[in-house]
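[1] Pasting the sequence and the predicted coordinates here, then a few questions.
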Amino acid sequence: MELYTDTYYIKRIQAGDTACFACLLDKYSRPVHSLILKVVRSREDAEELAQDVFMKVFKHLSSFKGECSFSTWIYRIAYNTAISETRKKKHEFLAIEDAIINNVSEEEVSEALGRTDSSSQMQMLDAALAQLPPDERALILLFYMKEKTVEEVATITGLTPSNVKVKLHRIRKKLFVVLKGMEER
């Protein structure tokens, strides 16, 4: 059980008790690092970027107005930092034609992605995720692994809720195509 809320710590920090920042750092360092790592796919880069995120959070804590949860606000900073970093580095990602994605039924996708009961299936899913562009990996991570709502994902990414839904739908189909290709090899 949490001793104090994020709001309590934020107010204390804003009042000058900067030592309280350690409590927020303890609570959010792992989830922030995890999100960044899934986007940039490099442990060293993720550690450096996570430090950058917490420097930004500390520096701009006065701009947090509580219009969304603190976790959503910090994830937005982490997401933007990670995506900005990936844009600096040119990577090639798997391109899948729209016609192939459009021919996949939602039932096939649900069945294939619903089977994550073994470690080998989880490894295949992780390998498939690695082939997606960073912004698509981040959407999947936020929605399915961090269990953020569509509205929270929209706030974090700057997309509209309807755009988030469409992108998640297409990414799931893309993952299905990638997984199917991996199984056929």
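    Now that the structure is in, tell me what you want to look at.
[2] pLDDT on stretch 148-163, on average?
    Averaged over stretch 148-163, pLDDT sits at 95.
[3] Then stretch 120-133?
    The model assigns stretch 120-133 a mean pLDDT of 83.
[4] Work out which residue lies at the spatial centre of the chain.
    residue 138 (3.5 Å; CA atoms, centre = their mean).
[5] Surely that one and residue 157 touch.
    Yes: Residue 138 is within contact range of residue 157, at 7.3 Å (criterion: CB atoms under 8 Å). Just so you know, the C-beta spots here come from the backbone N, C-alpha and C atoms, and that holds for glycine as well.
[6] before we move on, back to that, which residues does the residue nearest to the centre of the chain contact?
    For residue 138, the contact set (CB atoms under 8 Å, 6 or more residues apart in numbering) comprises 35, 38, 39, 79, 82, 83, 157.
[7] can you list residues touching both of residue 138 and residue 157?
    Contacts common to residue 138 and residue 157, judged by CB under 8 Å, 6+ apart, are residue 79.
[8] circling back: hey, C-alpha coordinates of the helix or strand that contains the residue nearest to the centre of the chain in CSV?
    Per DSSP states H and E, residue 138 falls inside helix 134-140. Extracted as CSV, the C-alpha positions of helix 134-140 are listed here (Å, rounded to 0.1, in the frame of the first residue of the first chain):
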residue,chain,number,x,y,z
PRO,A,134,9.2,2.6,-32.1
ASP,A,135,5.9,4.6,-32.0
GLU,A,136,3.9,1.4,-32.8
ARG,A,137,5.8,-0.6,-30.1
ALA,A,138,5.1,2.2,-27.6
LEU,A,139,1.3,2.2,-28.3
ILE,A,140,1.2,-1.6,-27.8
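[9] Distance from whichever helix or strand comes after that helix to the middle of the chain?
    Following helix 134-140 in sequence order, the next helix or strand is helix 150-157 (DSSP H and E). Helix 150-157 sits 10 Å away from the centroid of its parent chain (CA atoms, centre = their mean, to the nearest Å).
[10] on contacts alone, who are the packing partners of helix 150-157?
    Where contact means 3 or more CB pairs under 8 Å, 6 or more residues apart in numbering; DSSP states H and E, helix 150-157 is packed against helix 70-88, helix 134-140, helix 161-184.
[11] Please identify which of those is closest to residue 120.
    Closest approach to residue 120 among the helices and strands packed on helix 150-157 is made by helix 161-184 (11.0 Å; CB to CB).
[12] got the angle between that closest one and helix 150-157?
    90 degrees (axes from the mean of the first three to the mean of the last three CA atoms, to 10 degrees).
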